[in-house]
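Novice: Quick one, fold the following:
(chains A and B)
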Amino acid sequence: MEYEAAVKGPLKLKGTANKDIQKKLKKKNKEKNAASLKVDQLADIKESELKEISDPLKFPDYFGVRKLFRIKDLFDARIHYGHKDGTLDPNMKPYIFGSRLGHLIFDLDKTAEMLQDALNFTAHIAYRGGIILFVSHCPQHTLTVENAAKQAGEYAHAREWDFHIFTNSEKVYNGVTRLPDLVILLSTLNPQMQEHTAVKDAAKMCIPTIGIVDSNSNPNLITYPIPGNDDSPAAVQLYCNLFRDAILLGKSKKPVEVY
Amino acid sequence: MEIILRQTTFSAGRSPIFRCFRNISDIVGSQTNKQISRSYSDVSGQPKSKSEIDNNKSVSGVENKTMSGFGKAFEKFSLLTRKPLDEPDIKFATLLRHSKFMQLGDPQGKVVEGKIIRVVGNDLYIDFGGKFECVCQKPLKNERDYVRGSRVRLRLQRLELSTKFLGATKEITLREADALLVGIVRTLFEHKF
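Specialist: Next up is the predicted model:
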């Protein structure tokens, strides 16, 4: 009878006399489930909570990151403006909608898709307690970036990049250092119009990067490139707000630690 | 599905009176016909994202709260007054086609209105809605008017200063626009003595 109960589930017997038997069967099933998962912590968690635990990675948008923005918001923040034809990097051609009298326009439909992927990734990293570093070298946007990082409870490096920060961190900081789990670049170029060192260094240290790539930038080394304007203050403010909101969304859900 | 009944009564010399019933439930009573009220409440619901559906414990769907009187009327009319433009995401191609940027055409010689966002010594940094801001010298006439936040009129030359130098394959940008300062935007009610 016990074997049948385990296979079919607890017996639904009529009458109050058999409630004791049902309780005993339920207890045995519980113990078996807990044992099969081989975790001591689960014994403390109630049965109802077990049902709520589901793998966030199975959902395409677990944190509802797509609701953070609309294409009109991107448009109003001037994200579709690119540089001129003459400064175009050939790797950016697939993301360009067209050129209007020499001025390039980004395809916001593609940008929106890639932005959603990036924000979703950020939220997941924040959910799992990862360190996120905002990087930007444009002096105009230093304050915006640093404020966003502060509000998100994460880190920012919006000044001149020291070359050995990632690659030789133990010597620079005189001790064992934990490198960031994600680097968000608000602009992949430094003021000298060359590729920011963080792009290469993060790739060397196997740190995933999210980067706003303008029409004159190279998206190749960036894990989650977001084609869009990185020069207008309105655009940078929008990006900062979106990343900050994604991080806060990720942190708002408490993960259950299952080892 | 809405079931509409109409009763028209014609009486001598008077205009026809129409009575429209949107649901049988209006006549009979909301509690008896739950199926019709449920389908109505499905229509009122906003499209749910996949994550919301996945996170919902109850798979059965919408919970029916049978409303009557004011509540029902409010629900009905809130649907009617919802603007269609607020709901669907406007396509980028449409937004671009109807934007000021397209309307501008060739920026050379066009007069636009801008706002001063920064003043550094004698230089004014003016934002006119383009990718970059332009930098103009503060004029000697009416110096006091040119402060951060004041609206000015500009004659655009170029939206971006980028040119190819001798021997280079790529252009170099200054990340700045080029415009001539025409003057302050003055409204009817401003008086300058």
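Novice: Residue of chain B closest to chain A, please.
Specialist: Scanning chain B for proximity to chain A using C-beta to the nearest C-beta identifies B:Glu171 as nearest, at 3.3 Å. Using the backbone N, CA and C atoms, a C-beta is placed for each residue, glycine as well.
Novice: Report the contact partners of that residue.
Specialist: When contacts are counted by C-beta atoms under 8 Å, 6 or more residues apart in numbering or on different chains, B:Glu171 touches A:Lys84, A:Gly86, A:Thr87, B:Ser162, B:Thr163, B:Lys164.
Novice: State the distance from it to A:Asp181.
Specialist: Counting by C-beta to C-beta, to the nearest Å, the gap between B:Glu171 and A:Asp181 amounts to 37 Å.
Novice: How about A:Cys138?
Specialist: As for A:Cys138, its distance to A:Asp181 is 24 Å (criterion: C-beta to C-beta).
Novice: The two - which one has more neighbours?
Specialist: Remark: of A:Cys138 and A:Asp181, A:Cys138 carries more neighbours, 19 against 15, as counted by other C-beta atoms under 10 Å in any protein chain shown.
Novice: For chain B, which segments count as helices?
Specialist: For chain B, helices defined by DSSP state H occupy the ranges B:24-28, B:34-44, B:50-55, B:70-81, B:92-97, B:100-104.
Novice: Check chain A too.
Specialist: The residue ranges that make up the helices of chain A, judged by DSSP H, are A:2-8, A:19-37, A:47-52, A:71-76, A:108-127, A:142-152, A:169-172, A:197-204, A:233-252.
Novice: Please name whichever of those helices is nearest to A:Pro225.
Specialist: In this view, those are compared for proximity to A:Pro225 by C-beta to C-beta, and helix A:108-127 is the closest at 6.7 Å.
Novice: remind me, longest strand of chain B?
Specialist: Secondary structure assigned by DSSP state E gives strand B:111-120 as the longest strand of chain B.
Novice: follow-up on the earlier one: can you put the helices of chain A in TSV and add distance to B:Gln157, mean pLDDT and mean neighbour count?
Specialist: Putting the helices of chain A into TSV (distance: least, C-beta to C-beta, whole Å; pLDDT from 0 to 100; neighbours: other C-beta atoms under 10 Å in any protein chain shown) gives the following:
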stretch	distance to B:Gln157	mean pLDDT	mean neighbour count
helix A:2-8	82	58	10
helix A:19-37	70	65	12
helix A:47-52	61	52	10
helix A:71-76	25	95	17
helix A:108-127	28	96	21
helix A:142-152	29	96	19
helix A:169-172	47	93	12
helix A:197-204	34	96	19
helix A:233-252	22	96	21
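Novice: want to throw these into JSON lines with distance to chain B?
Specialist: Written out in JSON lines, the entries for these read as follows (distance: least, C-beta to the nearest C-beta, whole Å):
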{"stretch": "helix A:2-8", "distance to chain B": "22"}
{"stretch": "helix A:19-37", "distance to chain B": "19"}
{"stretch": "helix A:47-52", "distance to chain B": "8"}
{"stretch": "helix A:71-76", "distance to chain B": "5"}
{"stretch": "helix A:108-127", "distance to chain B": "4"}
{"stretch": "helix A:142-152", "distance to chain B": "13"}
{"stretch": "helix A:169-172", "distance to chain B": "31"}
{"stretch": "helix A:197-204", "distance to chain B": "19"}
{"stretch": "helix A:233-252", "distance to chain B": "8"}
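Novice: I'd like a version of those in JSON lines, one that adds distance to B:Ile117 as further columns.
Specialist: Listed next are those as JSON lines, based on distance: least, C-beta to C-beta, whole Å:
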{"stretch": "helix A:2-8", "distance to B:Ile117": "72"}
{"stretch": "helix A:19-37", "distance to B:Ile117": "59"}
{"stretch": "helix A:47-52", "distance to B:Ile117": "49"}
{"stretch": "helix A:71-76", "distance to B:Ile117": "17"}
{"stretch": "helix A:108-127", "distance to B:Ile117": "25"}
{"stretch": "helix A:142-152", "distance to B:Ile117": "14"}
{"stretch": "helix A:169-172", "distance to B:Ile117": "37"}
{"stretch": "helix A:197-204", "distance to B:Ile117": "28"}
{"stretch": "helix A:233-252", "distance to B:Ile117": "8"}
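Novice: residues near the residue of the stretch 1-150 of chain A found nearest chain B, how many?
Specialist: Using C-beta to the nearest C-beta, the single residue of the stretch 1-150 of chain A nearest to chain B is A:Gly86, 3.3 Å away. For A:Gly86, the neighbour count with other C-beta under 10 Å is 17.
Novice: isn't it right up against B:Lys164?
Specialist: Yes. With contact defined as C-beta atoms under 8 Å, A:Gly86 and B:Lys164 form a contacting pair (5.9 Å).
Novice: what residues are up against residue 122?
Specialist: Going with chain A. Here A:Thr122 is in contact with A:Ile132, A:Leu182, A:Ile184, A:Ile210, A:Phe243, A:Ala246, A:Ile247, A:Gly250 (criterion: C-beta under 8 Å, 6+ apart).
Novice: oops, I was thinking of chain B
Specialist: With contact set as C-beta under 8 Å, 6+ apart, B:Asn122 has these partners: B:Gln137, B:Lys138.
Novice: B:Arg158 now?
Specialist: So, once contact is read as C-beta under 8 Å, 6+ apart, B:Arg158 ends up touching B:Pro107, B:Gln108, B:Ala177, B:Asp178.
Novice: and it, what pLDDT?
Specialist: With respect to pLDDT, B:Arg158 has a value of 95.
Novice: Can you name the residues bridging to it?
Specialist: B:Asp178 (DSSP bridges).
Novice: where does it sit relative to B:Gly183, distance-wise?
Specialist: Computed with C-beta to C-beta, the distance linking B:Arg158 and B:Gly183 is 20 Å.
Novice: Then B:Val112?
Specialist: The separation that B:Val112 has from B:Gly183, given C-beta to C-beta, amounts to 13 Å.
Novice: which residues do the two both contact?
Specialist: Shared contacts of B:Val112 and B:Gly183, counting by C-beta under 8 Å, 6+ apart, come down to B:Arg153.
Novice: In terms of neighbours, single out the busier of those two.
Specialist: When neighbours are counted by other C-beta under 10 Å, B:Val112 comes out ahead of the other of B:Val112 and B:Gly183, with 19 against 13.
Novice: Pretty sure the more buried one sits against B:Arg151.
Specialist: No. The pair B:Val112 and B:Arg151 fails to qualify as a contact (C-beta under 8 Å) at a distance of 10.9 Å.
Novice: Now the common contact residues for A:Gly86 and B:Lys164.
Specialist: Among the neighbours of A:Gly86, those also in contact with B:Lys164 (C-beta under 8 Å, 6+ apart) are B:Lys170, B:Glu171.
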